[in-house]
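Enquirer: Using only what follows, build the 3D model:
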Amino acid sequence: MTMIAAPPLAPTHPETGNWLAWDRDEFARKFSQRPFLISHQLCDHPLFDVERLLALARTLPASQIEYNAGKLPVSISQTETPMNGLSADETIRRIEECESWLVLKYVESDPEYSELLNQCLKQVALDSEAIAPGMMKPHAFVFLTSPDSVTPYHIDPEHNFLLQIRGEKIIRMLYGNDPSILSPQELENFYADRGRNLKLAEENRDRCWKFSLAPGQGLHFPVTFPHWVENTDKVSISFSITFRTPDLDKRRALYRMNSQLRSWGLQPSVPGQRPLRDLAYYQLFRAWRKAAILTGRSN
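Expert: Numbering: from 1, shown residues only. Prediction:
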């Protein structure tokens, strides 16, 4: 396991909406395949002032705010994660001492955050479209976490860049394309909405990249690469910019279809092993979903 330091902060031009910078050759080699570090110029942006985040939280529906106790083990299911006994407003105001983790989801519902997200992803698309075309479903998240908090071991479904605004984080990430680290059954459970948190096998604990993320630095998370995060001794604020592509929607559909087939007593093959089968099942899934929507039975 190697600690990887971020590159020097690269010059950007906020007045033109160019907030991010990276090595383009590294982006071309690693996007969606390996984590890599970038830099950004968002640390002094007024959208990340605590008072502005409080105002944002007050406009979001409860379904777009998730928070809980922050001092957790690396492996814990979402259903076992304890609450902190505070309101979201209190959690944000007392984030320095309340030992909590909080995320404001889909903050692009606020026009100002939407504009910032669009500016950032416009830059990303210049290099990502040649690799994973069809950028869609852009979303943004703001994370506020108390000192020494832990975000448990989990996976996420999107192309993601995590931009560190305040404080520091230690991120440990494992290779998500290795079935000895992330099994097909774990992926199927994830895409079938059985939870994002995973159990970290002890033999895999040291099979990871280790990144120290400071303000002005960002990290690319390839889709469903397992990871966990530890804060240092300061409050952390992070901005996550994400998007999906058509291939990811197809991947999700195939794993959901497998879950359905398994519930009927069948043993489907792992997506990717049989391309013609995948194509047929994807079309079947789309027809099934369309019928469910038309009959009001979609979830």
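
Enquirer: What residues does the most centrally placed residue in the chain make contact with?
Expert: The centroid of the chain falls nearest to residue 156 when counting by C-alpha atoms, centre = their mean (4.7 Å). Contact partners of residue 156, counting by C-beta atoms under 8 Å, 6 or more residues apart in numbering, are 196, 221, 223-224, 242. For the C-beta atoms, the positions are set from N, CA and C on the backbone; glycine is no exception.

Enquirer: same deal with residue 27?
Expert: 36, 127-128 are the contacts of residue 27 under C-beta under 8 Å, 6+ apart.

Enquirer: Buried ones only from the residues you listed, please, as a PyMOL command.
Expert: The following PyMOL line selects those of the contacts of residue 27 that are buried, judged by 16 or more other C-beta atoms under 10 Å:
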select buried, resi 36+128
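
Enquirer: In CSV, list the contacts of residue 27 along with secondary structure, distance to residue 235 and pLDDT.
Expert: Shown next, in CSV, are these (DSSP: H, G, I helix; E, B strand; the rest coil; distance: C-beta to C-beta, whole Å; pLDDT from 0 to 100):
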residue, secondary structure, distance to residue 235, pLDDT
36, coil, 26, 98
127, helix, 32, 97
128, helix, 31, 98
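
Enquirer: Which one of the contacts of residue 27 is nearest to residue 98?
Expert: Distances from residue 98 to the contacts of residue 27, taken as C-beta to C-beta, are shortest for residue 36 (33.4 Å).

Enquirer: Please identify the buried residues of the biggest helix by length in the chain?
Expert: The longest helix of the chain (DSSP state H) is helix 275-294. In terms of neighbour count (16+ other C-beta under 10 Å), helix 275-294 has its buried residues at 278, 281-282, 285, 288-289.

Enquirer: Turn these into TSV, including pLDDT and distance to residue 85.
Expert: Putting the buried residues of helix 275-294 into TSV (pLDDT from 0 to 100; distance: C-beta to C-beta, whole Å) gives the following:
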residue	pLDDT	distance to residue 85
278	82	47
281	79	45
282	82	45
285	79	42
288	74	43
289	75	40
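
Enquirer: Quick one: neighbours of the closest residue to residue 92 other than its chain neighbours, just the number.
Expert: Distances taken as C-beta to C-beta, 6 or more residues apart in numbering place residue 54 nearest to residue 92, at 5.4 Å, with adjacent residues excluded. Using other C-beta atoms under 10 Å, residue 54 has 13 other residues around it.

Enquirer: Relative to residue 123, how far out is the closest residue to residue 181 other than its chain neighbours?
Expert: Once flanking residues are discounted, residue 181 sits nearest to residue 174: 4.9 Å by C-beta to C-beta, 6+ apart. Note on residue 174: its distance to residue 123, by C-beta to C-beta, to the nearest Å, is 28 Å.

Enquirer: where along the stretch 51-200 of the chain do the helices fall?
Expert: 88-93, 111-128, 184-191 (DSSP state H, counting those that start in this stretch).

Enquirer: Reformat those helices as JSON lines; add distance to residue 248.
Expert: Formatted as JSON lines, those follow (distance: least, C-beta to C-beta, whole Å):
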{"stretch": "helix 88-93", "distance to residue 248": "30"}
{"stretch": "helix 111-128", "distance to residue 248": "12"}
{"stretch": "helix 184-191", "distance to residue 248": "10"}
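
Enquirer: so which of these comes closest to residue 75?
Expert: Between the helices of the stretch 51-200 of the chain, helix 184-191 lies closest to residue 75; by C-beta to C-beta that is 12.6 Å.
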